[in-house]
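Q: build me a structure from this.
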Amino acid sequence: MKKINLAITGCMGRMGQQIIKSAKSDKSFRLTSLTESKKINKKINGLKINLNTEESLKKANVIIDFTTPKCTFQILKIALKQKKRVVIGTTGFSKKEENLIKKFSKKIPILKSGNMSLGINLLMFLTEIASGILDKKFLSKVYEVHHKHKKDYPSGTALMLGKGIATGKKKNFYNLIGKKYLNKKTFPYSNKINFNSIRKGEIIGEHEVKFSSGKEIIVLNHEAFDRALYSEGALSAAKWLMNKKPGLYSMRDLMKFK
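A: Numbers count the residues shown, from 1 in each chain. Prediction:
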């Protein structure tokens, strides 16, 4: 079996390091490029860490990107020029940036997900079902906890779950976004979707969706114990994307959730 040449951007970040570790034990891949947005004089697995340039990414069949929105678009411009496949795990995109990614996907295959975990994507699917069934009788809110180093909030996963609520109600998610709280002990339900983000310790990820009628509460949740579940999901996405035509895909496409 021919190995897939893999480039990992943001290789010094938490997810970058985890993907390198997981890729080393996966015989489907050959690491050909490790990049960062700033110059770093260091080698990992014998590979020099390069800047995000056409030269540094030219050998890759697929690029896995867990960086920042600004960096992701640098990568996408290079990927478009070189016709590379891209797996995007970066979060924190604006609505305008999300639409721009869709434009790139018309020319190259892109799989984008705020969370690469099977469990989280199943949770989103269940959230859509619950939201559709409960509809206007129940208010909803989303709660998430991540490590103290995570800068963006709500997390990409929390926003995914919010979209799940909106999809279930057959409404535009951006019209349903309510207040975004940070490190609050409690936060209210409303006619929109409120979010509360906790940043503490080294917690990998906890997510919870709550529906309340005022008489009862329904809770859907997920807790991650090992960051490897995200890196292994990203590698599965990279393999799956190798046989796909240009388009914007998600983990749900890979998992064949309807």
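
Q: low-confidence ranges, the stretch 1-150 of the chain, go.
A: Counting by pLDDT under 70, the stretch 1-150 of the chain shows low-confidence ranges at 1.

Q: what's the helix or strand for the residue in the chain sticking out farthest from the centre?
A: Distance from the C-alpha centroid of the chain peaks at residue 215, with 34.3 Å (C-alpha atoms, centre = their mean). Element membership of residue 215 [criterion: DSSP states H and E] is none; it lies in no helix or strand.

Q: for it, give me its contacts.
A: If you count contacts by C-beta atoms under 8 Å, 6 or more residues apart in numbering, residue 215 has none. Placement of C-beta: from N, CA and C, glycine included.

Q: could you check how far the residue nearest the centre of the chain is from residue 256?
A: In the chain, the C-alpha nearest the mean C-alpha coordinate belongs to residue 114, at 2.2 Å (C-alpha atoms, centre = their mean). Noted for residue 114: a distance of 19 Å to residue 256, by C-beta to C-beta, to the nearest Å.

Q: same check, this time on residue 78
A: From residue 78 to residue 256 the distance is 31 Å (C-beta to C-beta).

Q: so these two - more neighbours on which side?
A: residue 78 (23 against 6; other C-beta atoms under 10 Å).

Q: out of everything not next to it in sequence, what's closest to residue 64?
A: Nearest residue to residue 64, sequence neighbours excluded (C-beta to C-beta, 6 or more residues apart in numbering): residue 87, at 4.6 Å.

Q: show me where pLDDT drops low in the stretch 151-258 of the chain?
A: For the stretch 151-258 of the chain, the stretches flagged by pLDDT under 70 are 258.

Q: give the contact list for residue 7.
A: Counted by C-beta under 8 Å, 6+ apart, residue 7 has contacts 32-35, 56-57, 59-60, 62-64, 84.

Q: what of residue 22?
A: 228, 231-232, 235.

Q: buried ones among these?
A: Among those, those buried by neighbour count (16 or more other C-beta atoms under 10 Å) are 231-232, 235.

Q: could these go into JSON lines alongside secondary structure and distance to residue 243?
A: JSON lines is the format used below for the buried ones among the contacts of residue 22 (DSSP: H, G, I helix; E, B strand; the rest coil; distance: C-beta to C-beta, whole Å):
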{"residue": "231", "secondary structure": "helix", "distance to residue 243": "21"}
{"residue": "232", "secondary structure": "helix", "distance to residue 243": "19"}
{"residue": "235", "secondary structure": "helix", "distance to residue 243": "15"}
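
Q: what's next to stretch 140-156, contact-wise?
A: Outside stretch 140-156, the residues within contact range by C-beta under 8 Å, 6+ apart are 14, 90-92, 114-115, 131, 157-158, 161-162, 165, 178, 180, 182, 187-190, 193-212.
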